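Engineer: after the sequence you'll find the predicted model.
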Amino acid sequence: MAKITLLGAGSGFTQPLFTDILMIEGMDKGVIGLVDIDKERLAVNVRLMRRILELANKTGWRVEASTDRREVLKGTDYLINTIEVSGTKCVRFDNDIPLKYGIDQCIGDTIGPGGIMKILRTLPVFLDILADAKRLCPKALIMNYTNPMSMMTLGSTRFTDQPLVGLCHSVQGTSKKLARMAGIPYDEMVWRCGGINHMAWFTELKWKGRDVYPMLLEAMKQKKIYEQDPVRLEMMKEFGYFVTESSGHFSEYVQYFRKRKDLLKKYCRAEYLGGSSFYADCWPGWRKATDQKRRAMADGKVEISIKRGHEYASDIVEGHLFNRQRTIYASVPNTGLIPNLPQTGVVEVAVLVDKRGYTPTYFGNLPEQVAALCRSNMAVFELCVQGILEKRRESLVHAMMLDPLSSAVCSPAEIRKMAGELFRAEKKFIPGWMQ
């Protein structure tokens, strides 16, 4: 009988991840562990999980829940992290302070000033959780869903020796989108993908022995195709390969698209395609709407789908618990997996999962032009993680100076001033040594 514990049970991940896990063949009994510091949101999700167990006729399962993680961690076999430190309290600071300096962000939670502030809020808390996990559930496989993914995985794997991977849905989502754009059956497309989270590259795309890239280059001439993903299609045309993250998010990872208003107008569109301040403007409302929907689902007023989705958590549980080998894409330490990226960093590659746990696979060198883009971001990740682990404030300032988007817009002195404003605005949620 497996125990799966989810940290940050108030998140939108709780229902789909556990629905997926309950749909695994043979998962007839187990323990659902839920942890959240918000009592009200935790209580709603406890009711929701019991409702799902009833719908799925899973009578051999029970739910454990607490605002104190130590009460739930003991005996956990699979630990899933989805915490959101500070909730929505910092989202305007993350967006609006950099905007004063001309740094225009769309999402701002994995790279850029917003991403750097988020790792400052989040990694120290997660390291405390990992210390508890080492003591209370030392054999657990750990899965991190919380952004900023690359930095969370890098800092975590340097801190703990428990098996841990960072999980995202951009690889599987993008591969399906590419098949749709090219007009070919997804199950017939052959592909390889590697790089870093949100900047992994499809270096091979084939269908019936044909290279799919000429098909995509031809398809992007159609306005209806181009408007689906302008930034990513431009990058594919100029750099040769398609990248895994949405146009809006990816436009923050490079220095090309958001530094001038004319470029924003030419390449960026509304919402996830590059809308300015999109996340900051929308996230508080999304959070309220999600909470309302979960309450309705728990009350039986909204239908709950128990169809299995494409998140990797259930594949990990199934592969490990039942020794049914599964392939996932995950962020893991770069132990020679991509030789032309820093070996001290974290990369996103195919990972095999079976009874042995996680086995990352060798990818090989990336084409140099896209490897260089990855390295520019990995330098930011390295400085952030070093700074947090070694309690060096200056490393976080230097990380902001090296951030591709910030450095395309501001001078070092301006970035230092901006960093100071951010640190002061968010002092309640970042380590005291940052002040």
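Structural biologist: In hand now; what should we look at? Numbering: from 1, shown residues only.
Engineer: mind listing the strands for the stretch 1-150 of the chain?
Structural biologist: With DSSP state E, counting those that start in this stretch, the ranges of strands along the stretch 1-150 of the chain come out as 2-7, 29-35, 60-66, 78-81, 141-144.
Engineer: my read is that residue 229 contacts residue 274, right?
Structural biologist: No: the criterion here is CB atoms under 8 Å, and residue 229 misses it with residue 274 at 10.0 Å. Backbone N, C-alpha and C define where each C-beta goes, glycine included.
Engineer: who touches both of the two?
Structural biologist: residue 247 (CB atoms under 8 Å, 6 or more residues apart in numbering).
Engineer: which parts of the stretch 251-400 of the chain are strands?
Structural biologist: With DSSP E, counting those that start in this stretch as the criterion, the stretch 251-400 of the chain has strands at 326-333, 346-354, 357-360.
Engineer: need these in a markdown table (columns: mean neighbour count, distance to residue 92 and mean pLDDT).
Structural biologist: Shown next, in a markdown table, are these (neighbours: other CB atoms under 10 Å; distance: least, CB to CB, whole Å; pLDDT from 0 to 100):
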| stretch | mean neighbour count | distance to residue 92 | mean pLDDT |
| --- | --- | --- | --- |
| strand 326-333 | 21 | 28 | 98 |
| strand 346-354 | 23 | 29 | 98 |
| strand 357-360 | 17 | 37 | 98 |
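Engineer: mind putting the ones you listed into JSON lines with distance to residue 51?
Structural biologist: Converted to JSON lines, the strands of the stretch 251-400 of the chain look like this (distance: least, CB to CB, whole Å):
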{"stretch": "strand 326-333", "distance to residue 51": "28"}
{"stretch": "strand 346-354", "distance to residue 51": "29"}
{"stretch": "strand 357-360", "distance to residue 51": "32"}
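Engineer: tell me which of those strands lies nearest to residue 133.
Structural biologist: strand 357-360 (15.1 Å; CB to CB).
Engineer: now do that closest one: distance to the chain's middle.
Structural biologist: Averaging C-alpha positions (CA atoms, centre = their mean, to the nearest Å) puts strand 357-360 19 Å from its chain's average.
Engineer: partners of it, with directions?
Structural biologist: strand 346-354 (antiparallel) (DSSP bridges).
Engineer: figure out how far the partner strand is from the centre of its chain.
Structural biologist: A distance of 15 Å separates the centroid of the chain from that of strand 346-354, by CA atoms, centre = their mean.
Engineer: what angle separates that strand from strand 326-333?
Structural biologist: Angle, strand 346-354 to strand 326-333, by axes from the mean of the first three to the mean of the last three CA atoms, to 10 degrees: 140 degrees.
Engineer: how close does residue 188 sit to residue 209?
Structural biologist: Look at residue 188 and residue 209: by CB to CB, to the nearest Å, they are 11 Å apart.
Engineer: these two - which one has more neighbours?
Structural biologist: Using other CB atoms under 10 Å, the more surrounded residue of residue 188 and residue 209 is residue 188, with 10 against 6.
Engineer: please name the nearest non-neighbouring residue to the more buried one.
Structural biologist: Excluding its sequence neighbours, the residue lying closest to residue 188 (CB to CB, 6 or more residues apart in numbering) is residue 207, at 5.8 Å.
Engineer: ok, now residue 350?
Structural biologist: Nearest one to residue 350, counting by CB to CB, 6+ apart, is residue 361 at 4.7 Å.
Engineer: thinking again about what came up before, of all the strands of the stretch 251-400 of the chain, which one is nearest residue 146?
Structural biologist: strand 326-333 (11.7 Å).
Engineer: please compute how far that closest one lies from its chain's middle.
Structural biologist: Offset of strand 326-333 from its chain centre (CA atoms, centre = their mean): 13 Å.
Engineer: residues in contact with that strand?
Structural biologist: Contacts for strand 326-333 (CB under 8 Å, 6+ apart): 149-150, 153-154, 157, 165-168, 171-172, 193, 196-197, 200, 312, 315-316, 318-319, 345-354, 358, 360.
Engineer: if we can go back for a sec, identify the bridge partners of the residue nearest to residue 188.
Structural biologist: Judged by DSSP bridges, the bridge partners of residue 207 are residue 189, residue 210.
Engineer: swap in residue 81?
Structural biologist: Bridge pairing for residue 81 (DSSP bridges) gives the partners residue 7, residue 144.
Engineer: state the pLDDT value of residue 144.
Structural biologist: pLDDT for residue 144: 98.
Engineer: and for it, the neighbour number?
Structural biologist: Neighbours around residue 144, by other CB under 10 Å: 25.
Engineer: who are the contact partners of it?
Structural biologist: Here residue 144 is in contact with 81, 126, 152-153, 156, 164-167 (criterion: CB under 8 Å, 6+ apart).
Engineer: how near is the residue nearest to residue 350 to residue 344?
Structural biologist: Distance from residue 361 to residue 344, by CB to CB: 20 Å.
Engineer: likewise residue 84?
Structural biologist: Between residue 84 and residue 344 the distance, using CB to CB, works out to 28 Å.
Engineer: next one: residue 295
Structural biologist: Distance of residue 295 to residue 344, computed by CB to CB: 45 Å.
Engineer: can you check residue 236 too?
Structural biologist: Remark: distance between residue 236 and residue 344 (CB to CB) = 29 Å.
Engineer: of those two, who's got more company?
Structural biologist: For residue 236 versus residue 344, neighbours defined as other CB under 10 Å are more numerous around residue 236 (20 against 13).
Engineer: setting the sequence-adjacent residues aside, check what's closest to the more buried one.
Structural biologist: For residue 236, ignoring the flanking residues on the chain, the nearest one in space by CB to CB, 6+ apart is residue 242 at 4.6 Å.
Engineer: mind pulling up the pLDDT for the one you found?
Structural biologist: Reported pLDDT for residue 242: 98.
Engineer: again, but for residue 275
Structural biologist: As predicted, residue 275 sits at a pLDDT of 97.
Engineer: what is the neighbour count of it?
Structural biologist: Using other CB under 10 Å, the number of residues around residue 275 comes to 17.
Engineer: check residue 419 too.
Structural biologist: Applying other CB under 10 Å, we find 25 other residues in the vicinity of residue 419.
Engineer: quickly find the element holding it.
Structural biologist: According to DSSP states H and E, residue 419 maps onto helix 412-425.
Engineer: stretch 83-91: end-to-end distance?
Structural biologist: This stretch, stretch 83-91, spans 15 Å end to end (CA to CA, to the nearest Å).
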